[in-house]
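Colleague: what's the 3D shape of this:
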Amino acid sequence: MNPIIVLLAFATFATGTAENIIVGILLEVADGLDVSPALAGQLTAVFSVVFAVTAPLALVLTTRIERRRLFLCALGLFVVSNLAAAASPNFTVMLVARVGMAMASATVCLLATMLATELVDETMRGRAIGIIFMGISGSLVFGVPAGMVVSDLVGWRGVFVALATLAAAVWLVSYRCVPVSGLRRTALPKYMAHLREAPLAAGQLVSILMIGGHFVLFAFLAPYFVQVAGFGERNVALAFAALGLAGVSGGYFGGWLSDRLSPRAVLLLAPSAYLVALAAIPLLESNPWPMFAVMMVWACISWMISPVVQNFLIWSGPKTAEAGISLNFSAMHIGVGLGTAVGGITLEEFSIRALPWIGAFIALLAVFASCYAIWALNIRKSRMATT
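Modeller: Numbering: from 1, shown residues only. From the prediction side, this is the model:
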């Protein structure tokens, strides 16, 4: 595998860490900016919303700005935004800094994926995307605990200085190593043309529903571990670390599997296996270790879906592939918001034990969406064959 792809994954790790870092240092940030924890928590929500909006807009910029240059500009914006966050005297400045981080992160993640697919042969495309998503998943799993350690050592402002330093290092190496991809003076991205294709729109829906079903439980996994699984509070961090390793491996495994089999087959296989794993979790509540083993599988498959869907979108809709990748990053963040909201409602209206069942129901809808995507693709191919 081209080592530049690993460098691009480090870029997504650095920028992706910024999204959820507030979760781990929420109380410190709230105290430092003299706001309530509830208000400080909105810094994460703002990031997700801005990310979802920026990803399609960033693709528009690639029609006017060469991709390597835009990638370096986005990394530079990320560095400046983190330094602004570190120096922020009040909540307003921090909010603006978070908007800058989100815009930069969305652009970096999109361009890293696009550049990675350009650097490999078509038969390695799924694995290239998988490596990029190892960086993204790793940022969620390892970035937040690392940020908590840095905050304990040097304070919460030091976390943003550390992120800026890491991103600056990636910028320097990228400046020397990432090749110029050439400016493509193309028409504006074909978003509507992409969404009018039934199999492609259904593929995007698979991402929303799979990630939504995942976050119904994942967003509240810490209390689920303690209250349902009977894990001691000291063991929760270790459990998250283990699940993190499984999730990071899932990013690569999903890309590898879609290369070895076919994107169409894995689009159905991944949601189906995920549904089985998620539904098995509540059935094993009285057996913590078998339940945790199933959770490892659950965490692995959850991070398979993004490279699987993106490879499917490229494979089945090559004319709108770049628009599809851009929209898929937005779909992922819509799924995060959907799952977190549904999980919160489930806790209020039912109980914490209902979380995996509600998540499994949403995952079942993802299986239906994948079946429809494959059916619609077959219909499209049969119509093309008869004309």
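Colleague: so how far is residue 20 from residue 236?
Modeller: As defined by C-beta to C-beta, to the nearest Å, residue 236 lies at a distance of 16 Å from residue 20. Using the backbone N, CA and C atoms, a C-beta is placed for each residue, glycine as well.
Colleague: please disregard the earlier target; I meant residue 226.
Modeller: 20 Å.
Colleague: so for those two, which residue has more residues nearby?
Modeller: Taking other C-beta atoms under 10 Å, residue 226 and residue 20 do not tie; residue 20 has more neighbours (18 against 15).
Colleague: pLDDT score assigned to the more buried one?
Modeller: For residue 20, the pLDDT comes out at 75.
Colleague: cool, the one 4 residues further on as well?
Modeller: On the pLDDT scale, residue 24 is placed at 68.
Colleague: repeat that for residue 387.
Modeller: At residue 387, the pLDDT value in this model is 63.
Colleague: again with residue 15
Modeller: 90.
Colleague: so how many other residues sit close to it?
Modeller: Here the number of neighbours of residue 15 (other C-beta under 10 Å) works out to 33.
Colleague: residues contacting it?
Modeller: Counting by C-beta atoms under 8 Å, 6 or more residues apart in numbering, residue 15 touches 75, 78, 101, 104, 105, 108, 109, 139, 167.
Colleague: least confident pick among the residues you listed?
Modeller: Among those, residue 139 has the lowest pLDDT, at 76.
Colleague: how near is the closest residue in space to residue 8 that isn't next to it in sequence to residue 72?
Modeller: Nearest residue to residue 8, sequence neighbours excluded (C-beta to C-beta, 6 or more residues apart in numbering): residue 112, at 4.0 Å. Using C-beta to C-beta, we find residue 112 at a distance of 12 Å from residue 72.
Colleague: can you tell me which of the contacts of residue 15 is nearest residue 180?
Modeller: For these, the closest approach to residue 180 (C-beta to C-beta) belongs to residue 75, at 15.7 Å.
Colleague: check contacts around that closest one.
Modeller: Residue 75 sits next to 11, 15, 104, 108, 167, 170, 171, 174 when contact means C-beta under 8 Å, 6+ apart.
Colleague: next one: residue 187, what pLDDT does it get?
Modeller: For residue 187, the model assigns a pLDDT of 55.
Colleague: quick one: the longest helix belonging to the chain to chain centroid distance?
Modeller: When the chain is parsed with DSSP state H, its longest helix is helix 355-386. Remark: helix 355-386 is offset 21 Å from the chain centroid, using C-alpha atoms, centre = their mean, to the nearest Å.
Colleague: which elements pack onto that helix?
Modeller: With contacts defined as 3 or more C-beta pairs under 8 Å, 6 or more residues apart in numbering; DSSP states H and E, helix 355-386 has these neighbours: helix 198-218, helix 263-283, helix 321-349.
Colleague: among these, which is nearest residue 53?
Modeller: helix 321-349 (7.5 Å).
Colleague: buried set for the closest one?
Modeller: For helix 321-349, the neighbour count (16 or more other C-beta atoms under 10 Å) marks 321-340, 342-343, 346-347 as buried.
Colleague: now do stretch 258-268
Modeller: Buried residues in stretch 258-268 (16+ other C-beta under 10 Å): 258, 259, 263, 264, 266, 267, 268.
Colleague: report pLDDT for the fifth one.
Modeller: Read that as residue 266. Taking residue 266 on its own, its pLDDT is 91.
Colleague: got the contact list for the closest residue to it other than its chain neighbours?
Modeller: Nearest in space to residue 266, with sequence neighbours left out and distances taken as C-beta to C-beta, 6+ apart, is residue 258 at 4.5 Å. Contact analysis of residue 258 by C-beta under 8 Å, 6+ apart lists 126, 266, 307, 308, 311, 312.
Colleague: how about JSON lines for the residues you listed, with secondary structure added?
Modeller: Below are the contacts of residue 258 laid out as JSON lines (DSSP: H, G, I helix; E, B strand; the rest coil):
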{"residue": "126", "secondary structure": "helix"}
{"residue": "266", "secondary structure": "helix"}
{"residue": "307", "secondary structure": "helix"}
{"residue": "308", "secondary structure": "helix"}
{"residue": "311", "secondary structure": "helix"}
{"residue": "312", "secondary structure": "helix"}
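Colleague: the residue nearest to residue 288 when sequence neighbours are not counted: what secondary structure?
Modeller: Leaving aside its chain neighbours, residue 288 sits nearest to residue 229 (5.4 Å; criterion: C-beta to C-beta, 6+ apart). Three-state call for residue 229 (three-state DSSP): coil.
Colleague: and the pLDDT for residue 229?
Modeller: For residue 229, the pLDDT comes out at 81.
Colleague: from residue 72, how far out is it?
Modeller: According to C-beta to C-beta, residue 229 and residue 72 sit 45 Å apart.
Colleague: please apply the same query to residue 129.
Modeller: 21 Å.
Colleague: who has more neighbours, the two?
Modeller: Between residue 129 and residue 72, counting by other C-beta under 10 Å, residue 129 is the more crowded of the two (31 against 19).
Colleague: and that one, what is it in contact with?
Modeller: Applying C-beta under 8 Å, 6+ apart, the residues contacting residue 129 are 113, 116, 117, 255, 306, 307, 310, 311.
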